[in-house]
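Q: Generate a structure from the sequence data that follows.
(chains A and B)
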Amino acid sequence: MPLIASKNLMEPKNDKGRKVVIRIEDLRKSFGSNQVLNGFNMVLYKGENLVVMGKSGSGKSVMIKCLVGLMTPDSGYIEVMGREIGALDRQNLDELRSDIGFLFQGSALYDSMTVRENLEFPMRRHKEKLGVVQDTTPLVIEALENVGLGHTMDLMPSELSGGMKRRVALARTLILKPKIILYDEPTSGLDPITAKEIIELMRSIQKKYNTSSLIITHDVDCARVISERMILLVDGINYADGTFSELSSSSDPKVEAFFKK
Amino acid sequence: MAYIVKPVFITSKMVSRIKKFFIQIGELSYFAGRFFKETFTLPFEFKELLRQCYHMGNRSLVLVVMTNFIIGLVLTLQSRPTMIQFGAVSMMPNMVGISIVREIGPVITALICAGRIASGIGAELGSMRVTEQIDAMEVSGTNPFKYLVVTRILATTLMIPLLVIFGDLIALYGSALVENLKGQVSFQLYFNTVFDALSFGDLVPATIKSFFFGFVIGLVGCYKGYYCKKGTAGVGVAANTAVVTASLLLFVVDFIAVFVSDIFYEL
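A: Reported below is the predicted structural model:
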């Protein structure tokens, strides 16, 4: 049975004792009169793949942007790896961000830089984390080979296909060896085969680096393959919480609507 | 039948426009304040600053050379008959030299750069905003304001005066060419006469105001691009409004500069 409008969301069954890496409590955000998030709650455990599903415009991307400090919520509490986001100054926030990888919806590769420069860019401000790095080439090659694109180092983003861009963006996300990876619509705009490849890549990365992943999507196939647990975001709140099979077999009309073909 | 005029509607629309105008002024002032704050805090993005200086200076050079050369030619060709009529053709280099160095050179160069650079910055930052590249930069631990905005504003502030000086010389060369072909005046005589006519009082205010022109071009371009909204359509709007606003502000700055330098002349 899925937990509809779960009151016990902060401590889901069978997950007691696991370390919480992200905690969101009563998150609220509005744009003018449009209340996008209306008391959203969530926890992400270490090593977990959590999928947050919701309709377009339901506030998924807003929630994930609040999580990394790109947006300021109206109210609520956000804690990442034991540190409250709202209480951090710029320097500490940047330090924390080096442990969080963010894969943007449209890849967000820097147009004016080569693939290599795109990957080197995050390393500029986090040299202390990576140690003394005289030559960044081995790190760039390693990250690109992880996504199967070792040969694209000197290409410009405009020379890459949509799927390749997404892979390079993933490589850029991995270069700082993050502990948490946030995926904002990782398969949107991709054909089904490429989308499947990206999902496989996400799974292999999760296994290899033992990262915790928060995946924002409205792609049911993606959610089925990758999720250990799912949250349905409806009307600005975490409407339902459970595994894919629990939620997909729910008789609640709002939950059913997500899984209807 | 009498027409019913709705003064309340007109007034509220006007009030909202005026309000919007002042909000923009406030935002632009805040943006400028943030620029000064970020300019003097570590870390400095020297490499990116040099890259921007090269791009803005080098890529605008051909345009500045062409327009200033033509301006020099046209100004001399247009004023020559009148100067002959008054028997003052020997004053031609003085007149052209002073008008180019004091006013025409800086304003024309700045307007050309407003079209070329402000729109470029507006479109570039605007597209970076709508494709989340600025957010990606922020998440990667780089301050995008410092990396993108501070470097570009500093680059325009430093490069525009250099382009103005170079443009002035090219415009004078164009003028000298006309005088050489039509009045058999040698280049050496022409330039000697021009430099005799010019004083520091002509050069210094013009150079100082060029720095302000550069600052305005960079500031407006960055402001419009950095806060670009409404998807890809917003990128076009950002580029367009950057040129219009920068060009308008250039004339305002020019007026203030002339007004201030006039006070100093009187002293």
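Q: Spell out, range by range, the helices that occur in the chain.
A: By default, I'm working from chain A. Secondary structure of chain A (DSSP state H): helices located at A:60-67, A:90-97, A:115-120, A:127-130, A:137-146, A:162-174, A:192-209, A:220-226, A:244-248, A:253-259.
Q: hmm, I had chain B in mind actually
A: All helices of chain B, identified by DSSP H, fall at B:7-39, B:46-85, B:92-99, B:105-113, B:119-130, B:133-139, B:144, B:151-183, B:187-197, B:200-226, B:231-266.
Q: re earlier: out of the helices of chain A, flag the one nearest B:His55.
A: Smallest distance to B:His55 across those (Cβ to Cβ): 15.6 Å, for helix A:115-120. From N, CA and C alone the C-beta is placed, and that goes for glycine too.
Q: where does chain B have low pLDDT?
A: Residue ranges of chain B with pLDDT under 70: B:1-10, B:267.
Q: Grab the most central residue of it for me.
A: The structure's chain B has its C-alpha centroid closest to B:Ala110; by Cα atoms, centre = their mean the separation is 3.0 Å.
Q: For it, list the residues it contacts.
A: Contact partners of B:Ala110, counting by Cβ atoms under 8 Å, 6 or more residues apart in numbering or on different chains, are B:Ile160, B:Val164, B:Ser210, B:Phe213, B:Gly214, B:Ile217, B:Leu250.
Q: if I look at it, how far off is B:Ala239?
A: Between B:Ala110 and B:Ala239 the computed distance is 18 Å (Cβ to Cβ, to the nearest Å).
Q: B:Pro81 too?
A: 41 Å.
Q: Look at these two and report which has more neighbours.
A: B:Ala239 (23 against 9; other Cβ atoms under 10 Å in any protein chain shown).
Q: ok, that one - contacts?
A: For B:Ala239, the contact set (Cβ under 8 Å, 6+ apart) comprises B:Ser119, B:Gly120, B:Gly122, B:Ala123, B:Gly126, B:Lys224, B:Gly225.
Q: Can you pull out the low-pLDDT segments for chain A?
A: For chain A, the stretches with pLDDT under 70 are A:1-16, A:127-134, A:261.
Q: what residues does the stretch 151-261 of chain A put near chain B?
A: A:Arg172, A:Leu176 (Cβ under 8 Å from any Cβ of the partner chain).
Q: Make sure A:Ala240 is actually in contact with A:Ser248.
A: No - under the criterion of Cβ atoms under 8 Å, A:Ala240 makes no contact with A:Ser248, lying 10.9 Å away.
Q: what about the two, which has more around it?
A: Neighbour count, other Cβ under 10 Å: between A:Ala240 and A:Ser248, A:Ala240 has more, with 24 against 17.
Q: ok, residues contacting stretch B:50-70?
A: Under Cβ under 8 Å, 6+ apart, the answer for stretch B:50-70 is B:105, B:108-109, B:112-113, B:116-117, B:151-152, B:154-156, B:158-159, B:162-163, B:166-168, B:170-171, B:173-174.
Q: what separates it from the chain centre, distance-wise?
A: Remark: stretch B:50-70 is offset 12 Å from the chain centroid, using Cα atoms, centre = their mean, to the nearest Å.
Q: Restrict that stretch to CA atoms and write it as CSV.
A: Taking C-alpha atoms only, stretch B:50-70 is exported to CSV below (Å, rounded to 0.1, in the frame of the first residue of the first chain):
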residue,chain,number,x,y,z
LEU,B,50,42.0,39.6,-20.5
ARG,B,51,40.0,37.3,-22.8
GLN,B,52,37.1,39.7,-22.7
CYS,B,53,39.4,42.7,-23.4
TYR,B,54,40.8,40.9,-26.4
HIS,B,55,37.4,40.0,-27.7
MET,B,56,35.8,43.4,-27.2
GLY,B,57,38.8,45.4,-28.4
ASN,B,58,39.9,43.3,-31.3
ARG,B,59,36.5,42.4,-32.6
SER,B,60,35.2,46.0,-32.6
LEU,B,61,38.4,47.4,-34.2
VAL,B,62,37.4,46.9,-37.9
LEU,B,63,34.0,48.5,-37.3
VAL,B,64,35.4,51.4,-35.4
VAL,B,65,38.1,52.0,-38.0
MET,B,66,35.6,52.0,-40.9
THR,B,67,33.0,54.2,-39.3
ASN,B,68,35.5,56.8,-38.0
PHE,B,69,37.4,56.9,-41.3
ILE,B,70,34.1,57.6,-43.1
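Q: got the buried residues for it?
A: Under the neighbour-count criterion of 16 or more other Cβ atoms under 10 Å in any protein chain shown, stretch B:50-70 has B:52-53, B:55-57, B:60-61, B:63-65, B:67-69 buried.
Q: From the residues you listed, pick the one nearest B:Gly33.
A: Ranked by distance to B:Gly33 (Cβ to Cβ), these are led by B:Gln52 at 21.1 Å.
Q: List the residues that contact the closest residue to that closest one other than its chain neighbours.
A: Among residues not flanking B:Gln52 along the chain, B:Ala155 sits closest, at 3.7 Å (Cβ to Cβ, 6 or more residues apart in numbering or on different chains). By Cβ under 8 Å, 6+ apart, the contact set of B:Ala155 is B:Leu49, B:Gln52, B:Cys53, B:His55, B:Met56, B:Gly57, B:Gly218.
Q: does A:Ile24 have beta-bridge partners, and which?
A: A:Ile24 has these beta-bridge partners by DSSP bridges: A:Met42, A:Ile78.
Q: Quick check: the gap between the residue nearest to B:Gln52 and B:Val15.
A: Going from B:Ala155 to B:Val15 by Cβ to Cβ gives 39 Å.
Q: A:Cys222 now?
A: Per Cβ to Cβ, A:Cys222 is found 50 Å from B:Val15.
Q: residues contacting residue 76?
A: You didn't say which chain, so I picked chain A. So A:Gly76 contacts A:Ile24, A:Glu25, A:Asp26, A:Leu27, A:Arg28, A:Lys29, A:Leu37, A:Gly39, A:Phe40, A:Cys66 (Cβ under 8 Å, 6+ apart).
Q: meant chain B, my bad for not saying
A: B:Met92, B:Val96, B:Gly174, B:Ser175, B:Val178, B:Glu179.
Q: can we see that at 10 Å?
A: When contacts are counted by Cβ atoms under 10 Å, 6 or more residues apart in numbering or on different chains, B:Thr76 touches B:83, B:92-93, B:95-96, B:100, B:171-172, B:174-179, B:182-183.
Q: Filter those residues down to the buried ones.
A: Applying 16+ other Cβ under 10 Å to those flags B:83, B:92-93, B:95-96, B:100, B:171-172, B:174-179 as buried.
Q: Cool, thanks, signing off.
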